[in-house]
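Chemist: have a look; sequence and predicted model below, questions after that.
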Amino acid sequence: MTVDTVQFRGRNQAAEVDTRIRVAKAALGKRAVILGHHYQREEVYRHADFHGDSLQLSRAAAELDAEYIVFCGVHFMAEVADILSRPEQKSILPDLQAGCAMADMASIEQVERAWEELGTVLDPEAEITPVTYVNSSAEIKAFCGRHGGTVCTSSNARKILDWGFHQRPKAFFFPDQHLGRWSGHQLGIPLREMPVWDPALPLGGLSPEEIRQAKILLWKGHCSVHQMFQPIHIERWRAAHPQGKVIAHPEAAFEVCSMADAVGSTDFILKTVKAAESGSEWLVGTEINLVTRLAEEVRPEGKTVEFMSPMVCMCSTMFRIDPEQLALTLEELVAGRERNVIRVAEQTAVEARVALQRMLEQS
């Protein structure tokens, strides 16, 4: 079999799956809404009715009449959609293996144990506001709801932390240490007052004195994609593009964010580059699918957009959702069969909703 034959068959199969998705989507009509996260692969992304970040998409879907919310993202996103949606709506994840490595770095068992350990040094209920990034499990969000804490996104983390300090003098931020560190830095908190809590070590690897002196305890977690970006990538690019601009997501390391011209959420990155003057050059530190899509969109304006790392890395867990999975999910719904419905336990959903509502009230 020749290379040309293989490529032809591949294109033909892709076209067939694309047609299956369109046919099933038309048959379902308004009964189903497809949500596509910014990091989703293009073959799936183009079929979405709404595009955006996880919380933005979940809130939009909850306001629709759709019976089914098909979330082309990862597990915690489908959980948030279930928590915020109406009881008659059902959140569906095309592939149950589409998880989030960062979210998995903080289990509810680890967080509860850490809370107990902190109780041997100080009174966490009186001194610490737990704040979890939306990239976390429903159980972690519920934990924050139970303990006077809240949730944040990459766009409002600074504001939410500031709110937390008005409730209690310290904050416990999980699971992404980098977002917590950058947000704390924006509030003027010295790095020495933001130690990392390692759940694998007793007392997080910290001394009682370090815990007492901390303003923010940062959970030892990170995003594998944003972890790739390094200062050397920016230095090399600036040498070749002295007039260019660097923009990074706050999940990137502190050193990378410090060197960038702008730091912000996926939505901030998109809006900033799209609003920039024609002919401008950009180095972007976030997931490759978003960067590639953005580069294509602004190319007619003479703008150039490059991915920060010389090595291509995508959100591998989100990549598990492929066109075939989406087609099968929609076809099953057409046939009256519900596949991969995500249901958060009622008590967990209630407590997680409390934490989310606290955030929404501040935002």
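Modeler: Happy to help now that I have it. Numbering: from 1, shown residues only.
Chemist: these two touch, right, residue 293 and residue 41?
Modeler: No: here residue 293 lies out of contact with residue 41, judged by C-beta atoms under 8 Å, at a distance of 10.1 Å. Just so you know, the C-beta spots here come from the backbone N, C-alpha and C atoms, and that holds for glycine as well.
Chemist: contact partners for residue 149?
Modeler: 129-132, 143, 164, 172, 355, 358 (C-beta atoms under 8 Å, 6 or more residues apart in numbering).
Chemist: can I have the buried ones of the residues you listed as a ChimeraX selection?
Modeler: Buried residues among these (16 or more other C-beta atoms under 10 Å), as a ChimeraX selection:
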select :129,130,131,132,143,164,172,355,358
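Chemist: could you list which of the contacts of residue 149 belong to helices?
Modeler: 143, 164, 355, 358 (DSSP state H).
Chemist: residues in contact with the closest residue to residue 67 other than its chain neighbours?
Modeler: Nearest non-adjacent residue to residue 67, counting by C-beta to C-beta, 6 or more residues apart in numbering: residue 31, 4.8 Å away. With contact taken as C-beta under 8 Å, 6+ apart, residue 31 is in contact with 66-68, 333.
Chemist: rerun that using 7 Å as the cut-off
Modeler: Shown in contact with residue 31 (C-beta atoms under 7 Å, 6 or more residues apart in numbering): 66-68.
Chemist: now do the phi/psi pair for it.
Modeler: For residue 31, the backbone dihedrals (degrees, to the nearest 10) come out as phi -70, psi -20.
Chemist: what do you get for residue 343?
Modeler: Phi and psi for residue 343, reported as degrees, to the nearest 10, are phi -120, psi 120.
Chemist: burial measure for it, as a count.
Modeler: Per other C-beta atoms under 10 Å, the neighbour tally for residue 343 reads 11.
Chemist: please name the residues that touch it.
Modeler: residue 82.
Chemist: against residue 261, how distant is it?
Modeler: Separation of residue 343 from residue 261 (C-beta to C-beta, to the nearest Å): 43 Å.
Chemist: that older thread, pLDDT score for the residue nearest to residue 67?
Modeler: In this model, residue 31 is scored at 95, pLDDT.
Chemist: least confident secondary structure element in this protein?
Modeler: The helix or strand of the chain with the lowest confidence, counting by mean pLDDT, DSSP states H and E, is helix 3-28 at a mean of 77.
Chemist: what does the next helix or strand after it rub up against?
Modeler: The helix or strand immediately downstream of helix 3-28 is strand 32-37, counting by DSSP states H and E. The contact list for strand 32-37 (C-beta under 7 Å, 6+ apart) reads 44-45, 47-51, 53-54, 57, 61, 64, 66-73, 77, 318, 330, 333.
Chemist: now do stretch 158-175
Modeler: Around stretch 158-175, the neighbours that count as contacts under C-beta under 7 Å, 6+ apart are 102-103, 105-106, 111, 126-133, 136, 140, 148, 150, 152, 180, 183-184, 186-187, 214-219, 221, 359, 362.
Chemist: buried only: go through these for me.
Modeler: Buried subset of the contacts of stretch 158-175 (neighbour count, 16+ other C-beta under 10 Å): 102-103, 105-106, 111, 127-133, 136, 140, 148, 150, 152, 180, 183-184, 186, 214-219, 221, 359.
Chemist: tell me which of those fall in helices.
Modeler: Using DSSP H, the members of those that fall in helices are 102-103, 111, 127, 140, 180, 183-184, 186, 359.
Chemist: out of those, the closest to residue 297 would be?
Modeler: Residue 297 lies nearest to residue 102 out of those, by C-beta to C-beta, at 26.9 Å.
Chemist: cheers, nothing more for now.
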